[in-house]
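>>> Sharing a model prediction with you, sequence too.
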Amino acid sequence: MPVNDILQEARRLRKVSDSLDLLADKHEPLSEALSLLSGSVRNSATLLEVLVALKVTPASGADSTDA
């Protein structure tokens, strides 16, 4: 199912983010840049998870005529 593939990719991105954090701790001259990249990768993983949640989970109680 495509949803599982997307969530698996989000998990992979989180692992990459964790690896970048570890590298940032070990390489002081690049620490800030690696931390920024790590955050961006983690945010991408979160966005994938949100996308899946919004597209797969039906909106409960949402009715466009209520507005």
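Nice, I can see it. Numbers count the residues shown, from 1 in each chain.

>>> show me where pLDDT drops low in the chain?
Along the chain, the parts satisfying pLDDT under 70 run over 1, 57-67.

>>> The nearest residue to L51 once chain neighbours are set aside - how many residues pack around it?
Distances taken as CB to CB, 6 or more residues apart in numbering put I6 closest to L51, at 7.3 Å, once the chain neighbours are dropped. The way it works is simple: take the backbone N, C-alpha and C, and place the C-beta from them, glycine included. Using other CB atoms under 10 Å, I6 is surrounded by 15 other residues.

>>> Tell me which helix or strand I6 sits in.
Using DSSP states H and E, I6 falls within helix 2-26.

>>> and that helix, what other elements does it pack with?
Helices and strands touching helix 2-26, by 3 or more CB pairs under 8 Å, 6 or more residues apart in numbering; DSSP states H and E, are helix 31-56.

>>> quick one: the helix it packs on to chain centroid distance?
Centroid separation between helix 31-56 and its chain, computed with CA atoms, centre = their mean, to the nearest Å, is 3 Å.
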